[in-house]
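In: Sharing a sequence plus its predicted fold:
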Amino acid sequence: MPEQSYRSKIVSDSKVIATHVVMPSDVNFLGTLAGGTLMHWMDLAASTAASRHANSVCVTASVDSIEFKSPVKLGEVVIIHAQVNRAFKTSMEIGVKVYSEDVISGDQKICNRAYFTFVAVDKDLKPQPIPKLFPETDEEVKRYEEAYHRRKSRLANKSQQD
């Protein structure tokens, strides 16, 4: 676990919970939420978490491992949880989990998850340093450590593609 410093923030400083009701304009021809619409909503929630952490405009650098576990139906509520898992020098990993809720029964199920990488930028769109992240709970420490390993894999894959 990193040492907490003046430039550190805790996970709860940037947590986001966003909700959307799935409307007719949001669904595909099967009557379920369009994947692109959901990815847009996920990106907005992740961007908000990143910007809260960095106190800066943040841009999407990559999206990993987006998983579509179950469809979301017309009329259901989408609940998106986003949080910073780990902050590096100018970038950070945001974990996003998406639940659907049947408002009649109250039943919720996980329907998507993904890892987003965001970079904080200045007014000239140049990367800028961000605060460190100080995980407090066992779950936050686990996410913090896992984010490091995912980053190593991302960087290794990127160098192989170049």
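Out: The structure has been received and is ready for your questions. Model, not experiment: these values are computed from the prediction.
In: Identify the neighbouring strands of the strand or helix carrying Cys58 in the sheet and state each direction.
Out: Assigned by DSSP states H and E, Cys58 belongs to strand 57-68. For strand 57-68, sheet partners with direction are given as strand 108-121 (antiparallel), following DSSP bridges.
In: ok, and for the strand it pairs with, which residues are buried?
Out: For strand 108-121, burial by neighbour count (16 or more other Cβ atoms under 10 Å) applies to Cys111, Asn112, Arg113, Ala114, Tyr115, Phe116, Thr117, Phe118, Val119, Ala120, Val121. To be clear about C-beta, it is placed using only N, CA and C from the backbone, and glycine gets the same treatment.
In: Which residues are in contact with Thr137?
Out: Counting by Cβ atoms under 8 Å, 6 or more residues apart in numbering, Thr137 touches Val11.
In: can you point me to the longest helix in the chain?
Out: For the chain, the helix with the greatest residue count under DSSP state H is helix 138-161.
In: can you list the buried residues of strand 108-121 in a markdown table and add distance to Glu136 and pLDDT?
Out: As requested, the buried residues of strand 108-121 are exported to a markdown table (distance: Cβ to Cβ, whole Å; pLDDT from 0 to 100):
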| residue | distance to Glu136 | pLDDT |
| --- | --- | --- |
| Cys111 | 28 | 95 |
| Asn112 | 26 | 94 |
| Arg113 | 22 | 93 |
| Ala114 | 23 | 95 |
| Tyr115 | 20 | 95 |
| Phe116 | 22 | 97 |
| Thr117 | 22 | 96 |
| Phe118 | 21 | 98 |
| Val119 | 25 | 97 |
| Ala120 | 22 | 97 |
| Val121 | 28 | 96 |
